[in-house]
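Trainee: Sharing a model prediction with you, sequence too.
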Amino acid sequence: MLKYLLKRFFWMIPLLIGISLISFMIMHLAPGDITSSEASFNPKASEESRQKLRALYNLDKPVIVQYGLWMKRMVTLDFGTSFASHQRPVFWQTKDKDGNVTLGMIQEALPITLLINVMSLALIIVISLPLGVLSALKQNQLPDRIITIFVFLGFAIPGFWLALILMYWTGVQHSWLPISGLQSIGHEHLQWLGQTLDTLKHLILPVFISGITGLAGISLFVRNGMLEVLHQDYITTARSKGLSENRVIYGHALRNALLPLITIFGLSIPGLIGGSVIAESIFAIPGMGKLFYDAVLMRDFPVIMGILTIGALLTLIGNLLADVAYAWADPRVRRGVMQ
Amino acid sequence: MKKTLQNPLALIGFIIIASILMMAIMAPIIAPYDPNAIDVKAILLAPTTNHLMGTDGLGRDVLSRMLFGARISLLVGFVAVGIATAIGIFLGAISGFYRGWVDTLIMRTVDVMLSIPTFFLILAVIAFLTPSIWNIMIVIGLTSWMGVTRLVRAEFLSLRNREFVLAAQTLGAKDVRLIFRHLLPNSLTPIIVSSILGIASAVLIESGLSFLGLGVQAPQASWGNILTDGKEYIQFAWWLSLFPGLAILLTVLGYNLLGDGLRDAYNPRSSQH
């Protein structure tokens, strides 16, 4: 087990090098260099900020030196300071000489996005598992048909459109739910319980929107996994030795059908993180997605490169956790019989 | 193809895509108005017989903009997936045919690309370039070739040592001939299925980008940027949000149904489910 984990852990190093290369290439995409006029038709990109950009990414040095310095920035997670928002540090907090702490932009936004994504994952599990199992057990009957329609719609519906409809219906027409930000007016006067409830209410729509594609995908995955497992010999064996149908389905079939789900969750992490751009910018949630969107609009390159790197790191960590969980759940991997 | 269309869901998908394609091709003929003609006397009119889908904040006819927007959606889908599929076939073929260190290098590159959230990657690239329809298509294409590469590689690996391939090789067929005459034609169905499903996701990505203002730029109409207007006027003009959203939903649904139907028709194992 330990050997497997170590191997899995060190496997991240070549991936990190690859990610640093790709992000370095993106920085050098713009014609000329990133400070040239094409990239900075934004009026804020004054001569001064161009100078800063040159200094930040050492554009006057040879390419190989630039790459080395970029690697150093990535490894230390020091992405410099933002162009657009008053020199705020991109990742780590800084302290000025009077001892005032300025929080890093990503440092501040990341927990919000993580919270939304973890809640989306929880929502996906709570809804998709029963739907998928039900669908498989009632294959080709009415419940299965209805769930299949739901799955196809879930795959096809543009998240931002669903967000607009829900905003209109629950927010504008009925005022059931808040439709923007994380806090109502007067939030700071509430007790902690009231504050938590208030924030949770603000999170309902964004969490649902982030999870919608996953809901459809995981339901379908559980259904197909269950159907496959139900045809296996060991299920026939379990039935013929007289186990109750419930034990067969929940004790034998479901546990085996769920195993690949761990990997699927790992694979769905980049989609969730990337999807936060749309959900957060529609609902004005101050998370990483919104930060990234604003940075793209203002051509705030240090923030863009920082979030790109952090997004990739989160994906790597997510995949690592998924593999560890898989090894823990599957004795064949745990004992090194099969990789 | 005939077998595919016997599947009722695939047939529905085919009909949806075919009708949208027809409307897109005939847009200049059937559109009742110039899609970019501003009419200050007809701002935000609800749907009537004059304007079947109403008008937008600048008095432009929504139906006409929807028809021209269909061209953008289809074009972006085809070109982006065309780029992705071409790269995928090329890299996947080399990987699966020659194996060895080339294979390792290509597969590790795929792993790296898959570990960067695609939407972040696309937005970052767009930030460094200027948003335009051509850049969007290229960027979506360049960030979505990984699935096809893995698929082609897997097909090639399983076909590579089949007897008909070995026979052709023994008869002196060159590598290029083996790849294009023997291996590729036998891997075509899964490639087509994944391309059709890929078009669906390209359409979703383009509309999302345009909705965020980072895709197709005004005044050129796209379903995504009509929805941006829809968001602005959501309290008074439901028609600006309803029609483009439905159009995207139907298009993506159509491609998904068609792709799934095709897969089931050629893969008896998946059709039992």
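Mentor: Yep, that arrived. Numbers count the residues shown, from 1 in each chain, chains lettered A, B, ... in the order given.

Trainee: Point me to the helix or strand that includes B:S95.
Mentor: Here B:S95, judged by DSSP states H and E, is contained in helix B:62-98.

Trainee: can you tell me which residues contact the residue found closest to A:K138 once you drop the neighbours it is linked to in the chain?
Mentor: Closest residue in space to A:K138, ignoring its immediate chain neighbours: A:D144 at 4.8 Å, by C-beta to C-beta, 6 or more residues apart in numbering or on different chains. In this view, the C-beta of every residue, glycine as well, is placed from N, C-alpha and C. By C-beta atoms under 8 Å, 6 or more residues apart in numbering or on different chains, A:D144 lies in contact with A:L134, A:S135, A:A136, A:K138, A:R223.

Trainee: Identify the residue nearest B:L121 in space, chain neighbours excluded?
Mentor: B:T143 (5.2 Å).

Trainee: quick one on the thing from earlier: nearest to chain B, of the contacts of A:D144?
Mentor: Distance to chain B, by C-beta to the nearest C-beta, is smallest for A:R223 among the contacts of A:D144, at 7.7 Å.

Trainee: ok so, going back, among the contacts of A:D144, which lie within helices?
Mentor: Among the contacts of A:D144, DSSP state H puts A:L134, A:S135, A:A136, A:R223 in helices.

Trainee: Save those as a markdown table, and put in neighbour count, pLDDT and distance to B:G100 too.
Mentor: Below are the ones in helices among the contacts of A:D144 laid out as a markdown table (neighbours: other C-beta atoms under 10 Å in any protein chain shown; pLDDT from 0 to 100; distance: C-beta to C-beta, whole Å):
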| residue | neighbour count | pLDDT | distance to B:G100 |
| --- | --- | --- | --- |
| A:L134 | 18 | 91 | 47 |
| A:S135 | 27 | 91 | 44 |
| A:A136 | 24 | 90 | 42 |
| A:R223 | 26 | 91 | 39 |
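
Trainee: Show me which of the residues you listed is closest to B:T109.
Mentor: Proximity of the ones in helices among the contacts of A:D144 to B:T109 (C-beta to C-beta) peaks at A:R223, which lies at 33.3 Å.

Trainee: A:I147 is in contact with the closest one, correct?
Mentor: Yes. The pair A:R223 and A:I147 qualifies as a contact (C-beta atoms under 8 Å) at a distance of 7.4 Å.

Trainee: Common neighbours of those two, please.
Mentor: By C-beta under 8 Å, 6+ apart, A:R223 and A:I147 have these common neighbours: A:L131, A:G132, A:S135.

Trainee: Can you lay out those as CSV showing distance to chain B?
Mentor: Shown next, in CSV, are the shared contacts of A:R223 and A:I147 (distance: C-beta to the nearest C-beta, whole Å):
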residue, distance to chain B
A:L131, 15
A:G132, 12
A:S135, 10
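
Trainee: what's the closest of those to A:S20?
Mentor: Among these, A:G132 lies closest to A:S20 (C-beta to C-beta), at 38.5 Å.

Trainee: Which of the helices or strands spans that closest one?
Mentor: Taking DSSP H and E as the definition, one finds A:G132 inside helix A:105-137.

Trainee: What mean pLDDT does the helix or strand that that helix is followed by get?
Mentor: Counting by DSSP H and E, the next helix or strand C-terminal to helix A:105-137 is helix A:142-156. Averaged over helix A:142-156, pLDDT sits at 90.

Trainee: Give the buried residues for helix A:142-156.
Mentor: A:D144, A:I147, A:T148, A:F150, A:V151, A:F152, A:L153, A:G154, A:F155, A:A156 (16 or more other C-beta atoms under 10 Å in any protein chain shown).

Trainee: residues in contact with the fourth one?
Mentor: Contacts for A:F150 (C-beta under 8 Å, 6+ apart) come out as A:L131, A:A216, A:S219.

Trainee: The last one reaches A:G132, doesn't it?
Mentor: Which is A:S219. Yes. A:S219 is within contact range of A:G132, at 4.7 Å (criterion: C-beta under 8 Å).

Trainee: Relative to B:A218, which of the shared contacts of A:R223 and A:I147 is nearest.
Mentor: When the shared contacts of A:R223 and A:I147 are ranked by distance to B:A218 (C-beta to C-beta), A:L131 comes first, at 40.5 Å.

Trainee: you'd agree the closest one is up against A:I146?
Mentor: No. With contact defined as C-beta under 8 Å, A:L131 does not reach A:I146; the gap is 9.6 Å.

Trainee: Share the number of residues neighbouring the residue in the stretch 151-300 of chain A positioned nearest to chain B, please.
Mentor: At 3.1 Å from chain B, A:G274 is the closest residue in the stretch 151-300 of chain A, using C-beta to the nearest C-beta. By other C-beta atoms under 10 Å in any protein chain shown, 22 other residues sit near A:G274.

Trainee: give the contact list for it.
Mentor: Shown in contact with A:G274 (C-beta under 8 Å, 6+ apart): A:G311, B:P117, B:T118, B:F119, B:F120.

Trainee: Taking those together, which two end up most distant?
Mentor: Farthest pair in the contacts of A:G274, by C-beta to C-beta: A:G311 and B:T118, 10.0 Å.

Trainee: between the two, who's got more neighbours?
Mentor: A:G311 (30 against 21).

Trainee: ok so, going back, now the buried residues of helix A:142-156 as a markdown table including distance to B:K174?
Mentor: Formatted as a markdown table, these follow (distance: C-beta to C-beta, whole Å):
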| residue | distance to B:K174 |
| --- | --- |
| A:D144 | 50 |
| A:I147 | 51 |
| A:T148 | 47 |
| A:F150 | 51 |
| A:V151 | 46 |
| A:F152 | 45 |
| A:L153 | 49 |
| A:G154 | 47 |
| A:F155 | 42 |
| A:A156 | 44 |
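
Trainee: Of those, which is the nearest to A:I19?
Mentor: Each of those was checked against A:I19 using C-beta to C-beta; the closest is A:F155, at 28.5 Å.

Trainee: So the closest one is in contact with B:G254, correct?
Mentor: No. Using C-beta under 8 Å as the test, A:F155 is too far from B:G254 to be in contact (11.8 Å).

Trainee: list residues touching both of A:G311 and B:T118?
Mentor: With C-beta under 8 Å, 6+ apart as the test, A:G311 and B:T118 both reach A:P270, A:G274.

Trainee: Give the buried residues for the helix holding A:G132.
Mentor: For helix A:105-137, a neighbour-count test (16+ other C-beta under 10 Å) marks A:105-106, A:108-110, A:112-113, A:115-117, A:119-121, A:123-125, A:127-129, A:131-137 as buried.

Trainee: looking at chain B, which helix or strand is least sure?
Mentor: In chain B, no helix or strand scores lower on mean pLDDT, DSSP states H and E than helix B:268-271, which sits at a mean of 52.

Trainee: Could you say which helix or strand holds the spatially most central residue of chain B?
Mentor: What sits nearest the mean C-alpha location of chain B, by C-alpha atoms, centre = their mean, is B:I199, with 1.9 Å. Assigned by DSSP H and E, B:I199 falls within helix B:188-211.

Trainee: Check whether that helix comes near chain A.
Mentor: Yes. Helix B:188-211 is in contact with chain A by C-beta under 8 Å from any C-beta of the partner chain, via B:A200, B:L204, B:S207, B:G208, B:F211.

Trainee: B:I89: what's it in contact with?
Mentor: B:I89 touches B:V148, B:V152, B:L184, B:I191, counting by C-beta under 8 Å, 6+ apart.
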